[in-house]
Each structure stands twice: as C-alpha cells, then as structure tokens.
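**Student:** quick check, what structure comes out for this input:
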Amino acid sequence: MRRIAMLGVALCAATLSAQEKVIAPNENLVASGLPAIPARIAEGAAPYTESRAVGLEDWAPKSHEMLIATRFADVVQLHTVAFAGGERRQLTFFPDRVLAGSYEPTAGKYLVVARDVGGDEFTQLYRFDLATGRATLITDGGKSQTGMGPWSHHGSWLAYNSSRRNGTDKDIYVIDPSDPKTDRLVLRVDGGGWRPVDWSHDGKELLVEQYLSVNESYLWLVDVSSGAKTLLTPKGAEKVAYSGGAFAANDKGIYTITDLGSDFQRLAYLDRASGKVTALSHEPWDVEEFALSRDGATLAYVTNEDGIGKLHLMSTASRKALAAPKLPVGVIGGLRWHPDGTMLGFTINSTRAPSDAYVLTLATGKVARWTFSETGGVDLSQMPEPELVRWKTWDGRMISGFLYRPPARFTGKRPVIVNIHGGPEGQSRPTWLGRNNYFVNELGIALLYPNVRGSTGYGKTFVALDNGTLREGTYKDIDALFDWIASQPELDAQHVMVTGGSYGGHMTLAIATHYSDRICCSVDVVGMSNLVTFLEHTESYRRDLRRAEYGDERDSTTRAWMEKTAPLNNVDKITKPLFVVAGLNDPRVPYTEAEQIVAAARKNSVPVWYLLAKNEGHGFAKKGNADFQFYATVEFVEEYLVARVNP
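**Tutor:** Purely as a prediction, here's the structure:
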C-alpha cells in the first residue's frame, strides 16, 4: 500500500513545474489518492502551524511553581513555570505525548505522569522522579486504559481507575506510587464509566462517579478498606446527571454539579445525613467545572454562557458570591487551587490567543498571566473575531453557531467551510483557531462552527434531541444552515465544504450522502461511516457508553435503522470530492471505518483522498503528522472549494 501511495505521489509530482518543490509524507504516513503537495503551501502556511497552547496540570506543594503541559518539539510534554512570565522548564522528554501530570502532594519529590503510545489510549501511569528524571511504570503496562484520579488529602495515596481486569470494566484502585507493590483493587464494577473523584479527609472513603450517559450518572461512597459502596444519589423516575464531586471540609456533605430539578447543570451541595441536594448556583447556564479550596472555604466555578466562560467565586460559609475578577473573553478551564489557598490557577483560550495559564491572587483580587504561548509570528490583531449567529431549523427550534468572516480585502461572496464538532456531547466555542486561521486570513474563506441539536451547553433537553433514531434531526439542522447561508449576501451557498472530526466526521459523511448537491467537497477526520460497525469494533470499555447515545446495535429495530441511514450504505450518493483522515491506533473510531468508506466511495468515480497515520490514534497529536495533514487539506480546499474545480 505504501509503495502504491508513493508512486501515486511521484506521478502527480511529474505534472508540476520542474522547478516547483513538493512535500512528501513522512515514513509514518500512508497517502493514497493525494496529489503532490506543493512546498509553497507549507511556506505560506508555516506560521499558522507554530502556535502552542498550555494546559494547567498542578501546583508544587512546597513552592509556587506551576506544572503545565505544552509542546516545544513534536508532542506535548510537562514543564514548570516558577512565576508570572517565567521561563518554561521542560521536565519530560517522552517520544509520545503526556496526557496528564500531578505532584505527589506531601513533599513534591516526584510526579505521577499519564501517557500512552502512538495515540492508542491504553494510558498507563508512571512515577517520574524529579531528581533523576527517571520514569518508573507503576500500573500494569498492558492493553488496559488507566485514568489518574485524586490524591488523598493528608497522605501519599493515589486513586485511579483501570480496565486491566477484563479490558472493559473500569475498576477502582489505590496505590502509593513510591512503592508500586502497594497497588490494590478497592472496587470491582460493571461498566466503563466509573472514576474516583475525591477522598474523604480522614482517608477512609472515596467518592466515585458512575457515568452512564450525558443525561445519567450517579455518585457513590466507597469504603477504602472493605470496598463496600453506598449510593448517594438514588435513581428516580427521571434521569439525573452528576458530574464530579468534592468532600466539604467536615466531610458531612458533597459539592457536585447536577441537573437535578433543572434543565441546566448547577453547582450543588449534597447533605450526607439527609440526602438533600441544594442548588448553590442559579445562572441560566451550565456550570461546567468547579474547584474547592484546600481549606474548604471558597468555591470557584465556571459557567458556560453561550460558549463564553465566566468565572465565579463563592464563600461556602455564607453561600454568597464573592468578588470575581474581570477576565479576557474566552473559554476558562483547568481550575487549580494552590495548596495554601492563596492562589487560583486556570487557563483562558480565546480567538486572539491560544490557551495560557493565569493566576488569581485571592488577597488582592489581581490576575496575572503566567504563560505567553507563541503564535508563530502571526499578527494577533488580524485574527478573526467570531460572530454568534442563529437560524431556525426544520422543527422551529433555533440553532446557533459561530461565524468567522474573512478580512474586508476579500470581496464578493465568500466560500464557506462548515466545521462540525465531535462528541456528539460537545460544543463549538470561540477559541483559538490555530491552523484554521489560515483559511480565513489567507484564502478568504468564512468558517462556520454550528452547535446542532445534541450539543452540550444548552440544557439537558437539547442535548438529548439526537439520541438513537432521532439522529437524523441533526443532519436536517445542517440542511437548514445551508438555507441560512444562502440568505447571507456575503456568503456563497454554491461553494460550501463540510468537515469535522470524530462524531463531526460522521456528520460530515452523513451530509455528504444526504445533501451532496449542497456542498462542493468534504473532509472526514476519524469519523464513523457506519454506526453498527463502529459500535461493534470500538474498544469494549466505551461500547456501552456509546450505545446510550447512538442506540444499541444488538437490537434488531435499531440495527435496521442504523444500517439504513449509514453513510457507508448510502455511499452512491457521495458525488463530490472526499478527503478521509484516520489513525491506525485509534481505539475510539477504528481506522477500518475510514477504509471501508474510502473503498466504497472510490467506486463512484469521484476524487477520494486518504491519509492514514501509522503512529497516531483519534486525531493527529504529533506535529509533523498534523502539519502534513493540514497542508494536504489546504491543497484539497484550493482545488475543490476555492478554485471551484468540481467534477
């Protein structure tokens, strides 16, 4: 396959000017059906590939040093920053990405690091000794998925979940990472949605979340010694979701996020003695994250207000709001209190800057930006600002999205790229576009990011509108969007491309089969081409969780609907050029989903490009691979959207 792909690239290169240089895929990429990619694309787009972003991981327990995750070479690694604007000092140098990191909370002599290999998501935990730089595997090291959980409050015990027992069920374990022999199974479970979220202050109990779907989850108390579990949030007639949790300072109650009695997720307090749940926040928006200070005196939480993050502070004693700082407009996340309670760290991601770390000093109320991530030298003042737009869809509901218009120097009706988010329990928000800024600033293309039914951020009723056989309603939402585009004098409804990753990739394929006459081309990134084959082959630890969203393919009626509507089984309706991207190690959407749609679509006598990375999983994490994918996408866009050369 590799020889055929490279031969095809060589033959296409022969058609270019003898003086024009081309970019060849690296040894980990298998390109099939792609033409030679001109080097001029890389030269022009290179600045847009050089931005970085920061994830706030933890605070050092004995200093005010911050642990962050960012990329300086090919993949994300762990670094430290000692003060605002300070040098980023790299700690880890693994060949693959680091997924998470945390200081041992008593002395901070070592980290626990979570990482996988080649994007396979069989995450394992390592003890990383800061003095020696040596990493020691502390979990089983097999084809299991491990999720790092919380540290005990006054000790060195770490809780985590792992599918090691059978590859499916996420059991709960505890370990003292300084001595891997202490590793112990605490709770055997059924299902892949279990995770520990906090320890009681005496270290005797674990708070554990059981996730079944975006609309249904539960909290349990688990005795660490015996493994006995007690349900804190009983089942009722209506499904309720609980997300995360933290023990109050006296262990008599639990802070959590729940949609109990509301269409939106609210911050709440659960009294252990009575079982009563009291809502603490009352904004008509979802609370998406919270953090309790070490002394239990202050709650920080973030609301998602039409995609914009808003930071709130609350006294746990009075349950009244405290003064919160005014922050740059963007998406706020990664709330981390310093152990001494004097500082709150978080990240802000905006259209004018990648995600960076900020710190609020509680005593003064002042906010300092600690990191300044590079943006490749592009002029930040020229980055497009999003416009929140709304349109009425097929059943009368209003759907919203973010539109990025190109600079005024591009005149006439502009072509449009519709980019659909994954999940589907996700949301497009006004964040740093990274490479996609190139399409707006250099090619004059309008970008539109819709939040169709099933998106989070708009209440539990809205998020459930696409479940099971209701899914075709989401496709109709995009059809209604095409009508809205046609009503806009600055947008060219005759020249639209649709793209998306993961579930967005599935949506892309569905639109390419349902509404081929309304698009010029499409780019599917790690998307599902048939929900039946997807559910049968996605990793077992997540299969039942996905069935709650898409339906159970083992049910004959549901299966028949899935087969009838599958893009793979309607592939004859794909009449416009298609670009498919996949990772060989993808545990979520196996690469076979891509290969089967590519093989079938090529029978339609339309151009089909296919790019497979042998060392990637669910999306390209390595910069070299991601850059080539982007350059190839630019060539695809130039040929089939901007240049308007359609078969």
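**Student:** tally of neighbours for Glu20?
**Tutor:** Neighbourhood size, Glu20 [other CB atoms under 10 Å]: 11. Placement of C-beta: from N, CA and C, glycine included.
**Student:** give the contact list for the closest residue to it other than its chain neighbours.
**Tutor:** Closest residue to Glu20 apart from its sequence neighbours, by CB to CB, 6 or more residues apart in numbering: Pro38 at 5.9 Å. By CB atoms under 8 Å, 6 or more residues apart in numbering, the contact list for Pro38 reads Leu16, Glu20, Lys21, Val22, Ile23, Glu635.
**Student:** all helices in the stretch 1-150 of the chain, in order from the N-terminus.
**Tutor:** For the stretch 1-150 of the chain, the helices defined by DSSP state H, counting those that start in this stretch cover 2-14, 39-45.
**Student:** again with the stretch 501-647 of the chain
**Tutor:** All helices of the stretch 501-647 of the chain, identified by DSSP H, counting those that start in this stretch, fall at 503-514, 531-537, 540-550, 556-565, 592-601, 623-637.
**Student:** and of these, who's closest to Asn215?
**Tutor:** For the helices of the stretch 501-647 of the chain, distance to Asn215 was read as CB to CB. The smallest value, 8.3 Å, belongs to helix 540-550.
**Student:** contacts for the closest one?
**Tutor:** Counting by CB under 8 Å, 6+ apart, 145, 163, 167-170, 191-193, 211-214, 216, 424-425, 467-468, 471, 531, 534-535, 538, 553, 562, 587-588 sit against helix 540-550.
**Student:** same thing with stretch 208-216?
**Tutor:** Applying CB under 8 Å, 6+ apart, the external contacts of stretch 208-216 come out as 172, 187, 189, 191, 193-197, 217-222, 229, 239-245, 259, 425, 456, 460, 463-464, 545, 548-549.
**Student:** what's the residue nearest to Leu491 when sequence neighbours are not counted sitting at in phi/psi?
**Tutor:** The spatially closest residue to Leu491, leaving aside those adjacent along the chain, is Ile485, at 4.9 Å (CB to CB, 6+ apart). The phi/psi pair for Ile485 (degrees, to the nearest 10) reads phi -60, psi -40.
**Student:** measure Ile485 to Pro415 for me?
**Tutor:** Between Ile485 and Pro415 the distance is 10 Å, computed by CB to CB, to the nearest Å.
**Student:** got the domain boundaries for the protein?
**Tutor:** Here the domain parsing of the chain from automatic domain parsing is 2-50+386-642, 102-250.
**Student:** okay if I get the ones you listed as CSV plus mean pLDDT and distance to Arg266?
**Tutor:** Shown next, in CSV, are the domains of the chain (pLDDT from 0 to 100; distance: least, CB to CB, whole Å):
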stretch, mean pLDDT, distance to Arg266
domain 2-50+386-642, 93, 11
domain 102-250, 96, 11
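**Student:** tell me the contacts of Val240?
**Tutor:** Applying CB under 8 Å, 6+ apart to Val240 gives the contacts Glu216, Ser217, Thr233, Thr258, Asp259, Leu260.
**Student:** same check on Leu313?
**Tutor:** Thr298, Leu299, Ala300, Ala321, Leu322, Ala323, Ala324.
**Student:** got it, and Ser152?
**Tutor:** Ser152 neighbours (CB under 8 Å, 6+ apart): Leu158, Ala159, Trp199, Gly203.
**Student:** if we go to 6 Å?
**Tutor:** Ser152 sits next to Trp199, Gly203 when contact means CB atoms under 6 Å, 6 or more residues apart in numbering.
**Student:** relative to Gly444, how far out is it?
**Tutor:** For Ser152, the distance to Gly444 equals 56 Å [CB to CB].
**Student:** same check, this time on Gly583
**Tutor:** According to CB to CB, Gly583 and Gly444 sit 31 Å apart.
**Student:** now do Ala100
**Tutor:** For Ala100, the distance to Gly444 - CB to CB - is 39 Å.
**Student:** Leu481 belongs to a helix, doesn't it?
**Tutor:** Yes: assignment of Leu481 by DSSP: H, G, I helix; E, B strand; the rest coil places it within a helix.
**Student:** which residues touch the residue nearest to Ser350 when sequence neighbours are not counted?
**Tutor:** Leaving aside its sequence neighbours, Ser350 sits nearest to Gly330 (CB to CB, 6+ apart; 3.3 Å). If you count contacts by CB under 6 Å, 6+ apart, Gly330 has them with Ile348, Asn349, Ser350.
**Student:** and if we set it to 8 Å?
**Tutor:** Ile308, Gly309, Ile348, Asn349, Ser350, Thr351, Ala353, Pro430, Thr431.
**Student:** before we move on, what about Ala297?
**Tutor:** Contacts of Ala297 (CB under 8 Å, 6+ apart): Ala249, Ser315, Thr316, Ala317, Gly341.
**Student:** surely the second one is in contact with Thr298?
**Tutor:** Right, Ser315. Yes: Ser315 lies in contact with Thr298 (CB atoms under 8 Å); the separation is 6.5 Å.
**Student:** neighbour-wise, which of the two wins?
**Tutor:** Between Ser315 and Thr298, Thr298 has the larger neighbour count (other CB under 10 Å), namely 19 against 12.
**Student:** pretty sure that one sits against Leu322.
**Tutor:** Yes: shown here, Thr298 and Leu322 form a contact pair, counting by CB under 8 Å, at 7.1 Å.
**Student:** overlap in contacts of these two?
**Tutor:** Both Thr298 and Leu322 are contacted by Leu313, Met314, Ser315, under the criterion CB under 8 Å, 6+ apart.
**Student:** distance of the residue nearest to Gln145 when sequence neighbours are not counted relative to Tyr541?
**Tutor:** When the adjacent residues along the chain are set aside, Gln145 lies closest to Ser163, with 4.9 Å between them (CB to CB, 6+ apart). Plainly put, Ser163 is 5 Å away from Tyr541 if you go by CB to CB.
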